[in-house]
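*Asks:* Could you look at this predicted model? Sequence included:
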Amino acid sequence: MRLPVLPTALASFAAITLLAGCYGYERGPSRPPVDRIPAAAVTGPDEACIPLNQFSQTVVRDSRTIDFLAANGRRGWRNVLPDDCPDLASERAFSFNTSLSQLCSTDIIHVLQTWGGTPRPGPACGLGRFTPIELQR
């Protein structure tokens, strides 16, 4: 007796999907694990906005924490998002648009998801307030 094609195809797809999960299938290029959140001394009160020209790098620490650091890599601002941001910890990249010369807690970031080597905007997440910090080494 010959089995119908559709159920056989579905069973094959399910088996491949299960195997992919068992072998830890990963999208895109491999990325280093998310950094531990380093200790930081708070150097002032929280701020609603920071000037774009005052930070030169960003470091995604986890799904809610981003450090916006000055050129020296030790001073800057820590932003703790109000909610977890899907895929932020795994992708470790985001974009933002602003017509101002500053980034504010009312702004939205978009996780950049890499599919086929091309970054594309993913989940949108709101920023929190910016806490001025100096990383402890």
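*Replies:* Structure received.

*Asks:* after the worst-scoring helix or strand of the chain on mean pLDDT comes which helix or strand?
*Replies:* Among the helices and strands of the chain, helix 5-22 carries the lowest confidence by mean pLDDT, DSSP states H and E, at a mean of 37. Under the assignment DSSP states H and E, the closest C-terminal helix or strand after helix 5-22 is strand 40-42.

*Asks:* quick one: buried residues of that next one?
*Replies:* Ala40 (16 or more other C-beta atoms under 10 Å). Backbone N, C-alpha and C define where each C-beta goes, glycine included.

*Asks:* so where's the protein uncertain?
*Replies:* When residues are selected by pLDDT under 70, those of the chain lie in 1-35.

*Asks:* which residues of it fall in strands?
*Replies:* 40-42, 49-51, 57-60, 65-69, 75-80, 94-96, 102-104, 108-115, 118-126, 130-135 (DSSP state E).

*Asks:* Distance from the first one to the middle of the chain?
*Replies:* For strand 40-42, the gap between its own C-alpha mean and the chain's C-alpha mean amounts to 22 Å (C-alpha atoms, centre = their mean, to the nearest Å).

*Asks:* What lies in contact with that strand?
*Replies:* For strand 40-42, contacts defined as C-beta atoms under 8 Å, 6 or more residues apart in numbering pick out Asp67, Arg78, Thr131, Pro132, Ile133, Glu134, Leu135, Gln136.

*Asks:* re earlier: save the strands of the chain as CSV, and put in distance to Pro86 too.
*Replies:* Converted to CSV, those look like this (distance: least, C-beta to C-beta, whole Å):
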stretch, distance to Pro86
strand 40-42, 25
strand 49-51, 24
strand 57-60, 13
strand 65-69, 14
strand 75-80, 16
strand 94-96, 12
strand 102-104, 21
strand 108-115, 7
strand 118-126, 4
strand 130-135, 22
